[in-house]
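In: Predicted model and sequence follow; I will ask about them next.
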Amino acid sequence: MNYAALCIGLVIGLPWLGALLVWWAGDGRPRLQHTLAVLFSVAAGVAAALLIPLGSHETAVKISVGGAFGDFTFVPDGLGVFLAAIATVVGSLAVIFSVDYMKGEAQLGRYYAMILFFIGAMAGLVLTNNLFLIFLFWEITALTSYALISFYNDDPKAVAGGMKALIITQLGGVGLLAGALISYAYLGSFEVSVLLEKAEVLPESVLGILAFGFLIAAAAKSSQFPFQTWLPDAMEAPTPVSALIHAATMVNAGVYLLARFYPAFEGVPGWREAVMLVGMLSAVLSAIMALTAYDLKRVLAYSTVSQLGYMVYAVGAGGVFASQFHLFSHSIFKALLFLSAGAVIHAAGTRDMRQMGGLGKQMPVVRAVFVIGALALAGLPVLNGFWSKELILEAGLTGGPAWMLGVMIFTAGVTALYTFRCVYMVFYGQPAQNRHAHDAGMFMKIALIPLALGTLVSWLVVGPFGRLLEETLPFHGIHAHSLGDIALEIVKAPVTWIALGVIALGLAAWVLRKQLRLVSEPLQGVAGVSRSSFGFEFINRKVVDFTQQLAEDLRAGQTGVLSWNLLAIVVTLFVVIAILSLGV
């Protein structure tokens, strides 16, 4: 029996089945909806965990479709199985957390159905070996993300945030679709492995279009420069959604795309440098924006963009392993931070850190787990964020220019500064208002504690993780090392101690903030500019406004009769599928 195929089917199919059953249960039975969502999400997580030991570069599922589509194939290689595990396991914890967080909320069916549908699509995106299916799953994640950001559809800010996310990420979808079609036109196949194997036979100009088209797709999906403004606005979604989609899964899809196709594009002139530049600018600009924000969820959103910038930078520097290991670490500690922030917001009734302070005494469990996540984000030993971030800096030392590495080390100091600022403003100091907060509920704790433990110990799997990537990614040339070798290399590297020194300076800057007022006051102008995303908010807003106006103008071509519109859509869909299937 092909156990890998069975697990792949369960990882993708169980969440989708759960979505249908939750919708069928109806909002009149919320307890049943909570139960179904938890059961199916946890079952998918178990199936994904069972898939990890079955990792292989061999095709596990092949569905012959014929015509232009060829075969729909799924391969459980190292990149795919780990990201599928992240999507389903973190997804199941977010669903468990939702039992407390969404208690008493209306439209639970829509909420859980979209989350489960998203989890299955994300797992399919990373496990498939077919470019057409990657694009299909890519678009499903965009649709469900939009629906979840706009979940509170009576809130204009939530609707605007969802629309902005949908439009900007669709720019990436265009780049991915164009790349897939161009690849098929030249290679006659949508198979990812075919593109990786035969990339050198493509004309240099065509390969360049593919490479930079995929870079645009990745930057838009992962909220990277210059598309970095949509993710903070997506924070209008319920906090478990932020933890799942906008910290642990969907925004990782862009980094995954760059890592997956790195062997095909690494030789394209200027591509690696462009990737590093995008990552570097995203990291440093978003870190500065996090330092000047007061909305707790927006601080974490800017932090997510910044940490994704580290991953993108690492791919450009040739550190695919470092990038993916930091993706793994970040998914754990950032989901922990987002869910902890959700517990704070749920208890305090505000997202403004200026109205918090002193909550640690009333929320000791949440404070403890938040501090663990914050220390990992700041890159302090021995938490998972320390090891994976140092591997990225090592990759930058050997694979990129020194000035870029200097910027990334400086960003590590800014990260420490805004992290300590956030922790202090929320949990310590004098209470800004007389708030009667309460600690996390039982289901919240069930979700938070495993993530806190993962933040403490997940770095111990770096050896097996590296071996899995080495054995199942034949085109990437990854060379695995043992935990001891990696730890020794990091401890002995001068860049590690330089980075720790800069992080210490970041901590000192917050502790001595009053004494440094003469230095910080002249920088208030920079703070004002950073709150407008250094001008990119204006540019992104114009793109969104233009798209919405164009759609409004095209409405004149609609009949207004729903039946005729549906008929036209269905007929067109069948025509396109028939043409592609016949290979015309």
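Out: Arrived safely.
In: which residues of the stretch 201-350 of the chain score low on pLDDT?
Out: 247-248 (pLDDT under 70).
In: err, the stretch 401-550 of the chain, not the other one
Out: 432-436, 513-548, 550.
In: Which residue ranges of it form helices?
Out: For the stretch 401-550 of the chain, the helices defined by DSSP state H, counting those that start in this stretch cover 402-427, 442-457, 462-472, 483-492, 494-511, 517-520, 524-530, 536-554.
In: Compare these and give me the one nearest Val126.
Out: Each of the helices of the stretch 401-550 of the chain has some distance to Val126 by C-beta to C-beta; the shortest is helix 462-472, at 12.8 Å. (Glycine included, C-beta is placed from N, CA and C.)
In: tell me how far the host helix or strand of Leu196 is from the chain's mean position?
Out: Following DSSP states H and E, the helix or strand that holds Leu196 is helix 192-198. Averaging C-alpha positions (C-alpha atoms, centre = their mean, to the nearest Å) puts helix 192-198 25 Å from its chain's average.
In: Which residues outside it are in contact with it?
Out: Outside helix 192-198, the residues within contact range by C-beta atoms under 8 Å, 6 or more residues apart in numbering are 75, 129-131, 134, 183, 187, 189, 260-261, 263-264, 475.
In: Go through that helix and flag the buried ones.
Out: Val192, Ser193, Val194, Leu195, Leu196, Lys198 (16 or more other C-beta atoms under 10 Å).
In: What count of nearby residues applies to Glu266?
Out: Neighbours of Glu266 under the rule other C-beta atoms under 10 Å: 18.
In: mind checking how far the closest residue to Met404 other than its chain neighbours is from Gly506?
Out: In space, and not counting its chain neighbours, Met404 is closest to Met280: 5.2 Å by C-beta to C-beta, 6 or more residues apart in numbering. According to C-beta to C-beta, to the nearest Å, Met280 stands 18 Å off from Gly506.
In: Ok, Thr292 next?
Out: 15 Å.
In: now the strands: where do they sit in the chain?
Out: Per DSSP state E, the chain carries strands over the ranges 61-66, 70-74.
In: before we move on, the earlier item: give me the more crowded residue out of Thr292 and Gly506.
Out: Neighbour totals were compared for Thr292 and Gly506, and Gly506 leads with 25 against 18 (other C-beta under 10 Å).
In: Might one say that that one is in contact with Thr411?
Out: No: counting by C-beta atoms under 8 Å, Gly506 sits too far from Thr411 to count as a contact (10.0 Å).
In: one step back: show me which pair in the buried residues of helix 192-198 is furthest apart.
Out: Val192 and Lys198 (11.4 Å).
In: how many neighbours does Gly104 have?
Out: When counting by other C-beta under 10 Å, one arrives at 6 neighbours for Gly104.
In: Dihedrals phi and psi, it?
Out: phi 80, psi 0 (degrees, to the nearest 10).
In: Pull up the per-residue confidence for it.
Out: What the model reports as pLDDT for Gly104 is 78.
In: so how far is His34 from it?
Out: 11 Å.
In: same thing with Ala234?
Out: Counting by C-beta to C-beta - Ala234 and His34 are separated by 24 Å.
In: Look through this protein and tell me its longest helix.
Out: Secondary structure of the chain read by DSSP state H shows that its longest helix is helix 156-187.
In: Tell me the spatial nearest neighbour of His438, not counting adjacent residues.
Out: Leaving out its chain neighbours, His438 is closest to Ala347 (C-beta to C-beta, 6+ apart), at 5.1 Å.
In: The one you found contacts Phe427, correct?
Out: No: using C-beta under 8 Å, Ala347 makes no contact with Phe427, being 12.0 Å away.
In: Next up, the contacts around Met114.
Out: With contact set as C-beta under 8 Å, 6+ apart, Met114 has these partners: Ala19, Thr144, Ala147, Leu148, Phe151.
In: Who's the closest spatial neighbour of the most centrally placed residue in the chain, skipping the chain neighbours?
Out: Centroid-nearest residue in the chain, with C-alpha atoms, centre = their mean: Val251, separated by 2.6 Å. Once flanking residues are discounted, Val251 sits nearest to Ser222: 5.0 Å by C-beta to C-beta, 6+ apart.
In: Next, count neighbours for the one you found.
Out: 30.
In: Distance of it relative to Tyr313?
Out: From Ser222 to Tyr313 the distance is 12 Å (C-beta to C-beta).
In: ditto for Asp27
Out: Counting by C-beta to C-beta, the gap from Asp27 to Tyr313 is 45 Å.
In: ok, the two, which is more surrounded?
Out: Neighbours were counted for Asp27 and for Tyr313 using other C-beta under 10 Å; Tyr313 has more, 32 against 15.
In: for Arg272, what are its contacts?
Out: Neighbour list for Arg272: Glu266, Gly316, Ala317, Gly318, Gly399 [criterion: C-beta under 8 Å, 6+ apart].
In: which ones are touching the fourth one?
Out: Contact analysis of Gly318 by C-beta under 8 Å, 6+ apart lists Glu266, Arg272, Ala395, Thr398, Gly399.
In: which of these sit farthest apart?
Out: Maximum pairwise distance among these (C-beta to C-beta): 14.4 Å, between Glu266 and Thr398.
In: my read: Glu273 touches Ala317, true?
Out: No: contact criterion C-beta under 8 Å: Glu273 and Ala317 do not qualify, at 9.9 Å.
In: just to revisit the earlier point, quick one: closest of the strands of the chain to Val571.
Out: Comparing those under C-beta to C-beta, the one sitting nearest is strand 61-66, at 20.8 Å.
In: Could you measure from Glu471 over to Ser329?
Out: 21 Å.
In: Pick out whichever of these two has more residues nearby.
Out: Counted by other C-beta under 10 Å, Glu471 and Ser329 do not tie: Ser329 has more neighbours, with 26 against 15.
In: how about that one, what does it touch?
Out: Ala376, Asn384, Gly385, Trp387, Ser388, Thr455, Ser458, Trp459.
In: Tell me if I'm right that Ala237 and Ile149 touch.
Out: Yes: here Ala237 reaches Ile149: they are 4.5 Å apart, a contact under C-beta under 8 Å.
In: Overlap in contacts, these two.
Out: By C-beta under 8 Å, 6+ apart, the residues touching both Ala237 and Ile149 are Ala158, Gly161, Gly162.
In: circling back: just send the buried residues of helix 192-198 back as TSV, with distance to Ala49 and pLDDT too.
Out: Shown next, in TSV, are the buried residues of helix 192-198 (distance: C-beta to C-beta, whole Å; pLDDT from 0 to 100):
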residue	distance to Ala49	pLDDT
Val192	24	88
Ser193	25	89
Val194	30	89
Leu195	30	90
Leu196	27	90
Lys198	34	89
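In: would you turn those residues into CSV with distance to Val89?
Out: Below are those laid out as CSV (distance: C-beta to C-beta, whole Å):
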residue, distance to Val89
Val192, 24
Ser193, 27
Val194, 31
Leu195, 30
Leu196, 28
Lys198, 35
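In: Going by distance to Leu39, which of those wins?
Out: Val192 (32.8 Å).
In: if I look at the closest one, how far off is Trp403?
Out: For Val192 relative to Trp403 (C-beta to C-beta), the value is 34 Å.
In: for Pro464, same thing?
Out: Using C-beta to C-beta, Pro464 is found at 35 Å from Trp403.
In: Who has more neighbours out of those two?
Out: Applying other C-beta under 10 Å to Pro464 and Trp403 shows that Pro464 carries more neighbours, namely 15 against 9.
In: residues contacting that one?
Out: Counting by C-beta under 8 Å, 6+ apart, Pro464 has no contacts.
In: what does Val457 give?
Out: Asn384.
In: Go again with 6 Å.
Out: For Val457, no contacting residues are found, by C-beta atoms under 6 Å, 6 or more residues apart in numbering.
In: same thing with Ala211?
Out: Each residue near Ala211 by C-beta under 6 Å, 6+ apart is listed here: Phe265, Val268, Trp271.
In: Show the buried residues in those residues.
Out: Using 16+ other C-beta under 10 Å as the burial test, the contacts of Ala211 include Phe265, Val268, Trp271 as buried.
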